[in-house]
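A.B. asks: everything below, folded, please.
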Amino acid sequence: MILFIGNNLIYFEKLKSKKMNRIISRILIVSFIIGSISCQSGKEKFNEEEYISSMNEWKHQRLERLKSENGWLNLVGLHWLKEGQNPFGSNEANNIVFPENAPEFIGTIILYKGNLSVQINEDVEVFINDSLLKEHSIHTDYDENTTMFRSGSLRWYIIKRGDRYGIRLRDINSPLVEKITEIPSFPVDSRWRIEARFEKFETPKEIAVPNVLGDVEFEKCYGLLKFKIDSKEYELMPLGNGVKNDFFLIFADETSAEETYGAGRFLSV
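C.D. replies: Next up is the predicted model:
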């Protein structure tokens with residue numbers, strides 16, 4: 001769904017009627033695939049041709065991002081670590097099994113009371129932050145200087161989600177990168193470019209945001225976005241304050257977890 005509030009966009013709280021569910025289920029796949037919203041402020045004249053062109057350009061850029069080295073198409077594994085030693089490599093004797101193109105026994109990641117380190121086996125070459133090393137402490141993606149690992153076409157680093165730590169593994173030669181040449185989508189429909197008003201809370205509220213990994217994070221919401229569809233008013237709750245960072249919208253419909261990403265659909269401005 002494409003929603004405007006000046007230059008800002010917002011966050012989904014709940015669908016308030018079965019009719020809204022039906023409406024959303026028809027359009028959310030469209031809006032999710034179409035992507036980030038190009039907003040216009042005030043009462044600027046709307047140019048539909050330019051709008052459609054900007055959406056098509058966004059789709060092209062989105063595909064390029066997905067295909068990049070840090071894109072989602074080359075992800076080949078997510079392996080959660082246990083407390084203690086975590087041997088890893090392509091051999092099935094390891095606690096964590098990498099793809100077949102990895103060395104059989106790469107080394108061991110050690111997790112001890114929230115502290116992480118790695119030991120690389122002597123006969124294996126692994127670049128750690130672009131240097132060939134055998135031992136190193138590990139910084140997660142929550143830290144400023146995330147420790148990056150490289151072996152052949154494989155890339156990995158440690159993510160922290162709540163109290164859990166896991167290896168996020170990529171293969172830059174993943175077949176999906178070349179196989180996917182476009183993302184199927186419905187044509188842009190400017191009827192769902194809906195104007196809305198933002199009503200700021202006197203005091204920001206804290207809301208729980210679950211993710212696809214089963215964890216819950218708490219974010220601040222600074223107000224409500226109110227808009228109408230067929231004369232019926234609805235409300236959304238945004239993440240972000242729209243000043244220091246963009247508004248961010250998370251929402252879902254009846255097709256979530258079946259045809260698309262189970263955690264919902266994301267839009268930002």
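A.B. asks: residue 176 belongs to a helix?
C.D. replies: Yes: Residue 176 forms part of a helix when assessed by DSSP: H, G, I helix; E, B strand; the rest coil.
A.B. asks: show me what contacts it?
C.D. replies: 73, 74 (C-beta atoms under 8 Å, 6 or more residues apart in numbering). In this view, the C-beta of every residue, glycine as well, is placed from N, C-alpha and C.
A.B. asks: let me know the pLDDT of it.
C.D. replies: Residue 176 carries a pLDDT value of 93.
A.B. asks: in stretch 124-138, what counts as buried?
C.D. replies: 126, 128, 136, 138 (16 or more other C-beta atoms under 10 Å).
A.B. asks: and the second one, what does it touch?
C.D. replies: For residue 128, the contacting residues are 118, 120, 136, 147, 148, 149, 150, taking C-beta under 8 Å, 6+ apart as the criterion.
A.B. asks: apply 7 Å and report the result again.
C.D. replies: By C-beta atoms under 7 Å, 6 or more residues apart in numbering, the contact set of residue 128 is 136, 147, 149.
A.B. asks: and residue 117, bridged to which residues?
C.D. replies: Beta bridges link residue 117 to residue 110, residue 137 when assigned by DSSP bridges.
A.B. asks: residue 250: helix or strand, and which one exactly?
C.D. replies: Residue 250 belongs to strand 248-251 when assigned by DSSP states H and E.
A.B. asks: quickly run through the sheet partners of the next helix or strand after that strand, with directions.
C.D. replies: Counting by DSSP H and E, the next helix or strand C-terminal to strand 248-251 is strand 265-268. In the sheet, strand 265-268 lines up against strand 248-251 (antiparallel) (DSSP bridges).
A.B. asks: what about the strand it pairs with, distance to the chain center?
C.D. replies: 11 Å (C-alpha atoms, centre = their mean, to the nearest Å).
A.B. asks: same question for stretch 117-127.
C.D. replies: Between the centre of stretch 117-127 and the centre of its host chain there is 30 Å, according to C-alpha atoms, centre = their mean.
A.B. asks: just the helices in the stretch 51-200 of the chain please.
C.D. replies: 175-179 (DSSP state H, counting those that start in this stretch).
A.B. asks: for stretch 102-113, list every residue counted as buried.
C.D. replies: Those would be 102, 103, 105, 106, 107, 108, 109, 110, 111, for stretch 102-113 by 16+ other C-beta under 10 Å.
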